[in-house]
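J.: Fold the stuff below for me.
(one chain, ligands or ions: 1)
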Amino acid sequence: MVNQKKIAGEKACEWVEYGMVVGLGTGSTVYYTIEKLGELVQQGLKITGVATSEQTARQAEKLGIPLKSLNDVVEIDITIDGADEVTGAFQGIKGGGGALLREKMVAEASRLNIWVVGEEKLVDSLGNFPLPLEVIPFGWKQIKRSLEKEGIQATLRTQQNKEIYQTNNGNYILDIVNQTFTNPIKWQEKLAQVPGIVEQGLFLNYVDIIICGKADGEIELIKK
Ligand code: 5RP
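T.: The predicted structure follows:
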């Protein structure tokens, strides 16, 4: 069986050039990108990575990829990341892995954003995947209640051991479920007005190139 994540993840390394500052996303697809970049670094490629999560930083460090924090770079040449859903209009949902805030900050600082996905991530409209909201723990129940008053169902993310999931920034995640986002721009505006929501997982107009690994082993490139 074809590993769609692996073929897409590794393909993205073709865009990485000597000397670049590279944003390193989070998740099981970009994992393969980072592994491959590690190999290339061992073979002499010089890059500086900017990790979007502690998990990614640990992987990169193990592979000998030098890292800098977002504060210590002026600009990022290219960021490679995964996605939970993406439409043909280059609008997506991210944050399934809980790294949405750092991922968006890194994407914003990047000249080129590439997403690596398996074909099941390509959708006609957003919303099959829950939309993550990173929220401040203080008053998170108020946020949930105020969403519910408007008929928006949101569940607090927990870990397998049932403890509350905390992001690398010490915040919680509320996942909006059972909701389609036919007008994601409106949703983005609406959620931006709720105090306590630090970031939401709608990534509109960020991705430049989608690298999609297919079940038949083909790789589809979707460019803006
Ligand atoms: C993490 C993310 C990931 O990029 C997204 O969840 C996709 O992950 P995967 O490649 O494991 O399916 O947004 O916050």
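J.: Not counting its own residues, what contacts stretch 181-192?
T.: Gln91, Ile93, Ser125, Leu126, Gly127, Leu131, Leu133, Ile197, Gln200, Leu202, Leu204 (CB atoms under 8 Å, 6 or more residues apart in numbering). For the C-beta atoms, the positions are set from N, CA and C on the backbone; glycine is no exception.
J.: switch the cut-off to 7 Å
T.: Applying CB atoms under 7 Å, 6 or more residues apart in numbering, the external contacts of stretch 181-192 come out as Gln91, Ser125, Leu126, Gly127, Leu131, Leu133, Ile197, Gln200, Leu202, Leu204.
J.: what's the burial count for the last one?
T.: A total of 16 residues lie near Leu204 under the criterion other CB atoms under 10 Å.
J.: Out of the contacts of stretch 181-192, who's the most crowded?
T.: Leu133 (28 neighbours).
J.: does it really touch Leu174, like I thought?
T.: Yes - shown here, Leu133 and Leu174 form a contact pair, counting by CB atoms under 7 Å, at 4.6 Å.
J.: what residues do those two have in common as contacts?
T.: Ala154.
J.: Can you pull up the residues of this protein that come close to the ligand?
T.: When proximity is defined by CB under 6 Å from any ligand atom, the chain lies next to the ligand at 25-29, 81-84, 94-100, 103.
J.: run the last query once more with 5 Å
T.: By CB under 5 Å from any ligand atom, the residues of the chain that approach the ligand are Thr26, Gly27, Ser28, Thr29, Gly82, Asp84, Lys94, Gly95, Gly96, Gly97, Ala99.
J.: Can you tell me which of those residues are buried?
T.: Thr26, Gly27, Thr29, Gly82, Asp84, Lys94, Gly95, Gly96, Gly97, Ala99 (16 or more other CB atoms under 10 Å).
J.: State the pair within the residues you listed that is farthest apart.
T.: Across those, no pair lies farther apart than Thr29 and Gly95, at 14.2 Å, counting by CB to CB.
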